[in-house]
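Q: return atomic coordinates for the entry below.
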Amino acid sequence: MYSTENEIIELVKAFENCTLARSYWTHPAHLTVALWYLIDQPLTAPDQIRFGIQRYNQAHGIESTSTSGYHETITRFWIHLIQNYLDRINVHDSLLSLTNQLMNDYSDPIVLFEYYSRDLIFSPEARSRWIEPNLKSLNYARL
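A: Now for the predicted structure:
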């Protein structure tokens with residue numbers, strides 16, 4: 001949970017500058033960055049999130065292979081869930097409030113496995129391109 005909006009902005013800046021320590025590039029940090037882009041730059045957010053993660057990984061020597069590094073399906077899945085979160089709440093709340101509520105709802109990455117089997121989500125195909133969920137359906141309009 002965040003105490004100030006400045007903490008959120010500093011995290012986003014460090015991500016953009018690729019100066020965020022890898023130990024701080026956690027699931028909640030991914031969600032925070034994605035939320036910020038979806039609020040601040042909604043038209044370009046999905047591409048900025050996807051390419052930003054790839055740029056960050058490259059800057060930190062995280063190689064994308066069939067078993068590690070950037071994961072297209074997981075990234076797009078979380079973008080979708082965060083956008084749905086924004087669509088159903090009061091977006092006039094403060095960034096701090098929106099981010100902390102998102103953390104309450106989605107800080108546990110296990111949500112992914114309500115939609116995907118482990119075999120599918122950890123497949124090389126799911127890592128390299130968007131694969132639809134095989135356990136629970138999504139509204140694909142935003143993906």
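
Q: residues contacting the longest helix along the chain, please?
A: Identified as the longest helix of the chain according to DSSP state H is helix 72-88. With contacts defined as Cβ atoms under 8 Å, 6 or more residues apart in numbering, helix 72-88 is touched by 30-31, 34-35, 38-39, 45-46, 49-50, 53, 98, 102, 105-106, 111-112, 115-116, 121, 126-131, 133, 138-140, 142-143. Glycine gets a C-beta too; all of them are placed from N, C-alpha and C.

Q: report the buried members of those residues.
A: Buried members of the contacts of helix 72-88, scored by 16 or more other Cβ atoms under 10 Å, are 30-31, 34-35, 38, 45-46, 49-50, 53, 98, 102, 106, 112, 115-116, 121, 126-127, 131, 133, 142.

Q: quick one on the thing from earlier: out of the contacts of helix 72-88, which are inside helices?
A: 30-31, 34-35, 38-39, 45-46, 49-50, 53, 98, 102, 105-106, 112, 115, 121, 126-128.

Q: returning to that earlier point: dump the longest helix of the chain to CSV, restricted to CA.
A: What follows is helix 72-88, C-alpha atoms only, in CSV (Å, rounded to 0.1, in the frame of the first residue of the first chain):
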residue,chain,number,x,y,z
GLU,A,72,2.7,-11.1,-23.6
THR,A,73,-0.4,-13.0,-22.4
ILE,A,74,0.1,-12.2,-18.7
THR,A,75,0.8,-8.5,-19.5
ARG,A,76,-2.3,-8.1,-21.6
PHE,A,77,-4.4,-10.1,-19.1
TRP,A,78,-3.5,-7.7,-16.3
ILE,A,79,-4.1,-4.6,-18.5
HIS,A,80,-7.6,-6.0,-19.2
LEU,A,81,-8.3,-6.6,-15.5
ILE,A,82,-7.1,-3.1,-14.5
GLN,A,83,-9.1,-1.5,-17.3
ASN,A,84,-12.2,-3.4,-16.1
TYR,A,85,-11.5,-2.2,-12.6
LEU,A,86,-11.3,1.4,-13.8
ASP,A,87,-14.6,1.0,-15.8
ARG,A,88,-16.5,0.0,-12.7
